[in-house]
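Q: Below are the sequence and a predicted model; questions follow.
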Amino acid sequence: MEEKVDIVALGELLIDFTEAGHSQGGRKLFEQNPGGAPANLLTVASHFGYRTSFIGKVGNDMHGKFLKRTLQNEGINTDAIVEDPDYFTTLAFVEIGENGERNFSFARKPGADTRLSFEEIDLTMIDEASVFHFGTLSLTDDPVCTATKKCVEYAKEHGKLITFDPNLRLPLWETTDAAKEQILWGLAHADVVKISDEEVEFLWGITDEKEAAKKLLDEFGIRLAMVTMGPKGAYLANQDGAAYAKCPEVKPIDTTGAGDIFGGSAVSRLLKTGKAPEELSTEELGFIGQFACTAASISTTQSGGIPSIPEEGAVLARM
C-alpha cells in the first residue's frame, strides 16, 4: 500500500488541567489544555508540515469531543479515534512549581484511553504511514497494552520506522517493576528512542549520557538514541557518531510537553534528511539535537503542551 502519512501515533489523548493561578479566595484555578504525549508529538510534526494520524480512544463526553476537535484543527487525521460512551476521558491535573516543573495527579480509573482494544483498530492507518510512534502510558493497562504491542509488532513486520518515548509517569503504574518491564519491552522493539536522563537513571542507575546511549545502541539495537537532560540539552548518538546539543537560555513558566516537543521536532528533522537513522552524520545529529532543544525550550515559555508548540520559522530564527 502506498504510504500516505508520515507519522502515525498510538496512545493516550487526555486533558491536562494545568494550574493557572488562584481565585480571590486563594483556591487554585486550572485551565483545560489538550494533552497526551503521542498527540503532542504529532502536533509538532503537523506544525512542521508532516502528515499525521492518531490512533486512540476518548470518552463520548465534552472533553473527548474537545480533544478530537483540537487534533482536527491541528491537521491530524482523527478517523481512528474511538469515542466510547462507557468510559470518561482521562484527566491529568498539573501543579506547576516555581521553576516550571510539574506535579501530576491523574483521574484514570480507568480512563477511556486504556480501554482501546486491538479489534477496534484499523490497521490500514499503520499501512499508510512511514513512522509508527508509541510510549508507555498505553502499556499500563489492558486492553490497550495488548493492542499497543500487537500494533508495534505489526508495524515492525511491515517495515515501519518505530519511534518510542518511555515517558515515565510512576503514579500510573502499580509497581516500579511493572514500569521497568514495559519500558524495556518498548526499547527492545524501537528504532529511534527519546529518553530522559531521569528515565535512564530509573532503569539502570546510569547518570552518564554517553554510557546510556552506548547501552541503547549496543544492547537494544537502537538505531538513533537521544538522551535528553532538561535545560542542560541533549546527547544524540548512532553507531557512527554522536553530538551534544545545548538549550538556549529561557525563563520557563511551564515545562508540560517539552519532552514531546523535543521528540516531535527531532523526528521531523530526521524525516527531512531523508536518511535512515544510522546514516546520519555527526553534523546532522548535532543539528537535529539543536533544533529539537530550541523548540522544546521555546515551548516552556508558554503554558500547556499543544498550545505552546512554536512554528518552525521561530525555531530556526532562535537558532
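A: Looks like it arrived, so ask away.
Q: Show me what the one helix or strand in the chain whose mean pLDDT sits lowest is packed up against.
A: Taking mean pLDDT, DSSP states H and E as the measure, the helices and strands of the chain show their lowest mean at strand 102-107, namely a mean of 83. Packing contacts for strand 102-107, counted by 3 or more Cβ pairs under 8 Å, 6 or more residues apart in numbering; DSSP states H and E, involve strand 91-96. For the C-beta atoms, the positions are set from N, CA and C on the backbone; glycine is no exception.
Q: So what are the sheet partners of the strand it packs on and their directions?
A: In its sheet, strand 91-96 lies beside strand 14-22 (parallel), strand 102-107 (antiparallel), with partners assigned from DSSP bridges.
Q: Could you export those strands as a markdown table, including distance to L216?
A: Putting those into a markdown table (distance: least, Cβ to Cβ, whole Å) gives the following:
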| stretch | distance to L216 |
| --- | --- |
| strand 14-22 | 28 |
| strand 102-107 | 26 |
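Q: which of the ones you listed sits most buried?
A: Per-residue neighbour counts averaged over each of the strands paired with strand 91-96 give the maximum for strand 14-22, namely a mean of 19 (mean count of other Cβ atoms under 10 Å).
Q: Sketch out the low-pLDDT regions of the stretch 101-250 of the chain for me.
A: Where the stretch 101-250 of the chain drops to pLDDT under 70, the residues are 101.
Q: which stretches of it form strands?
A: When assigned using DSSP state E, counting those that start in this stretch, the strands of the stretch 101-250 of the chain occupy the ranges 102-107, 129-135, 161-165, 192-196, 224-228, 234-238, 241-245.
Q: Need the distance between the two termini of stretch 193-200.
A: Terminal residues of stretch 193-200 lie 12 Å apart, using Cα to Cα, to the nearest Å.
Q: List the buried residues of that stretch.
A: When neighbours are counted by 16 or more other Cβ atoms under 10 Å, the buried residues of stretch 193-200 are found to be V193, K194, I195, S196, D197, E199, V200.
Q: Could I get the buried residue list for the lengthiest helix in the chain?
A: In the chain, taking DSSP state H as the definition, the longest helix is helix 282-299. Of all the residues in helix 282-299, those buried under the rule 16+ other Cβ under 10 Å are 284-299.
Q: Relative to F220, which of those is nearest.
A: Nearest to F220, judged by Cβ to Cβ, of those is L285 at 18.1 Å.
Q: wait, doesn't that closest one sit right on A243?
A: Yes: the criterion here is Cβ atoms under 8 Å, and L285 meets it with A243 at 4.2 Å.
Q: Spell out which residues are contacts of both of those two.
A: Both L285 and A243 are contacted by L236, A237, under the criterion Cβ atoms under 8 Å, 6 or more residues apart in numbering.
Q: ok, back up a step: what two of the buried residues of stretch 193-200 are the furthest from one another?
A: Taking Cβ to Cβ as the measure, the buried residues of stretch 193-200 span a maximum distance of 13.3 Å, between V193 and D197.
Q: Which residues are in contact with G26?
A: Applying Cβ under 8 Å, 6+ apart, no residues qualify as near G26.
Q: Just the pLDDT at it, thanks.
A: The score at G26 is 84. That number is its pLDDT.
Q: Can you pull the phi/psi pair for it?
A: Dihedral angles phi and psi of G26 (degrees, to the nearest 10) take the values phi 90, psi 0.
Q: rewinding a little: of the buried residues of stretch 193-200, which is the nearest to D142?
A: For D142, the closest of these turns out to be E199, at 23.1 Å, with distances computed as Cβ to Cβ.
Q: The closest one contacts L184, doesn't it?
A: No: here E199 does not reach L184: they are 11.3 Å apart, not a contact under Cβ under 8 Å.
Q: tally of neighbours for V82?
A: Residues near V82, counting by other Cβ atoms under 10 Å, number 18.
Q: In terms of helices and strands, where is K272?
A: Assignment of secondary structure by DSSP states H and E places K272 within helix 258-273.
Q: Output the contacting helices and strands for that helix.
A: Contact partners of helix 258-273 among helices and strands, from 3+ Cβ pairs under 8 Å, 6+ apart: strand 5-10, helix 37-47, strand 129-135, strand 161-165, strand 192-196, strand 224-228, helix 282-299.
Q: Switch these over to JSON lines; also include distance to E19.
A: Conversion of these to JSON lines gives the following (distance: least, Cβ to Cβ, whole Å):
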{"stretch": "strand 5-10", "distance to E19": "27"}
{"stretch": "helix 37-47", "distance to E19": "18"}
{"stretch": "strand 129-135", "distance to E19": "23"}
{"stretch": "strand 161-165", "distance to E19": "24"}
{"stretch": "strand 192-196", "distance to E19": "22"}
{"stretch": "strand 224-228", "distance to E19": "23"}
{"stretch": "helix 282-299", "distance to E19": "17"}
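Q: ok now do T176, which residues does it touch?
A: The contact partners of T176, taken as Cβ under 8 Å, 6+ apart, are L170, F202.
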